[in-house]
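Novice: A predicted structure for the sequence below; I have some questions about it.
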Amino acid sequence: MFNKLKGLRDSVSRKGIVRRISQRKIKNRRNKHEDFEIDDNDLLLAEGYTLVLEGTDQRWEKITENLLDIIVNCVNNGVPTVYRVIGSDMDQIIIDVHIEIPGTQLEKKSECFIQWRDLNVGGAWGLNFVSPEEADHFITLCKVRF
């Protein structure tokens with residue numbers, strides 16, 4: 001959600017906690033990726049999670065306390081189509097995984113939370129986006145384009 005009067009955007013966590021994010025802060029984070037040839041709309045913001053298994057129990061564990069800049073790049077437009085998902089925190093890459101279509105199943109578990117399992121490397125990943133629109137855009141970026 002975007003509040004035009006205050007220049008703030010609401011970020012809703014998986015637990016329903018709403019945080020206000022300054023549009024200026026978002027723009028500054030996006031500007032640091034000028035060396036990538038990406039559209040401004042294709043740089044997304046999300047919290048990164050990994051699935052932790054303990055015996056028969058499983059839980060999502062946040063990878064870092066900061067929001068991650070999420071970039072999706074198509075690295076192979078054949079069959080399967082392979083997308084590289086990079087999540088960076090300031091100048092450090094935190095998430096660097098691949099999504100193969102067909103093969104990887106992206107699941108939208110809530111308005112903002114998307115999860116998938118990496119069948120090649122193992123592990124499961126989750127991204128909690130700052131808005132439902134960004135979550136939907138992530139899914140759109142990971143669809144096969146011919």
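Specialist: Structure's in. What do you need?
Novice: list the buried residues in stretch 68-77.
Specialist: 68-72 (16 or more other C-beta atoms under 10 Å). C-beta here means a position set from N, CA and C on the backbone, and glycine is covered the same way.
Novice: also stretch 134-146?
Specialist: In stretch 134-146, residues buried by neighbour count (16+ other C-beta under 10 Å) are 134-135, 137-138, 141-142.
Novice: what's the closest of the residues you listed to F113?
Specialist: Using C-beta to C-beta, A135 is the member of those that lies nearest F113, at 7.3 Å.
Novice: who are the contact partners of the closest one?
Specialist: 108, 111-114, 127, 129 (C-beta atoms under 8 Å, 6 or more residues apart in numbering).
Novice: related to what we said a few turns ago, out of the buried residues of stretch 68-77, which are inside strands?
Specialist: Secondary structure assignment by DSSP state E places 68-72 of the buried residues of stretch 68-77 in strands.
Novice: now the helices for the chain?
Specialist: Listed from the start of the chain, the chain has helices (DSSP state H) covering 23-31, 132-141.
Novice: and those helices, which one's lowest on average pLDDT?
Specialist: Taking the average pLDDT of each of those, the minimum falls on helix 23-31, with a mean of 51.
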